[in-house]
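Q: no sequence on this one, just coordinates:
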């Protein structure tokens, strides 16, 4: 994936996902960024159940909670110095259906280090 380093978020950033949004989103961040992922309640009978990072060395899930209204919140901490990519998959399932939850939303995070002056 080609990423323009000038468009990468630094510090704290918030990503909000609402019903009807695309099931995959991409985000470019700088090292050390903190991402607050807010997932609005689903309109089907499925509920947000968990989030997982494909590469915790680059993007670590540091918090997860689901409010009484069904809004889910994931806190993500990005690598402090290294660059890389991770897929954060958010799972959802109907509460009365047996079986594992499936990935209902994916946030692709690319950590782009600052350039070095030589």
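A: Structure's in. What do you need? Just so you know, these numbers come straight off a predicted model, no measurement behind them.
Q: Give me the below-cutoff pLDDT ranges for this protein.
A: For the chain, the stretches flagged by pLDDT under 70 are 1-6, 116-118.
Q: quick one: residue 99 is in a helix?
A: No. Secondary structure of residue 99 (DSSP: H, G, I helix; E, B strand; the rest coil): coil, not part of a helix.
Q: now the nearest residue to it once chain neighbours are set aside, which residues is it bridged with?
A: Once flanking residues are discounted, residue 99 sits nearest to residue 93: 7.4 Å by Cβ to Cβ, 6 or more residues apart in numbering. Placement of C-beta: from N, CA and C, glycine included. Counting by DSSP bridges, residue 93 forms beta bridges with residue 47.
Q: Could you do residue 106 as well?
A: residue 24, residue 89.
Q: residues touching it, list them.
A: 23-25, 87-90 (Cβ atoms under 8 Å, 6 or more residues apart in numbering).
Q: Would you agree the residue nearest to residue 99 is in contact with residue 47?
A: Yes. Here residue 93 reaches residue 47: they are 7.0 Å apart, a contact under Cβ atoms under 8 Å.
Q: Okay, buried residues for stretch 43-54 please.
A: Neighbour counts over stretch 43-54 (16 or more other Cβ atoms under 10 Å) mark 46-49, 51, 53 as buried.
Q: before we move on, back to that, let me have the contacts of residue 106 in CSV, extended by distance to residue 33.
A: Formatted as CSV, the contacts of residue 106 follow (distance: Cβ to Cβ, whole Å):
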residue, distance to residue 33
23, 23
24, 20
25, 15
87, 16
88, 13
89, 19
90, 18
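Q: All good on my end, thank you.
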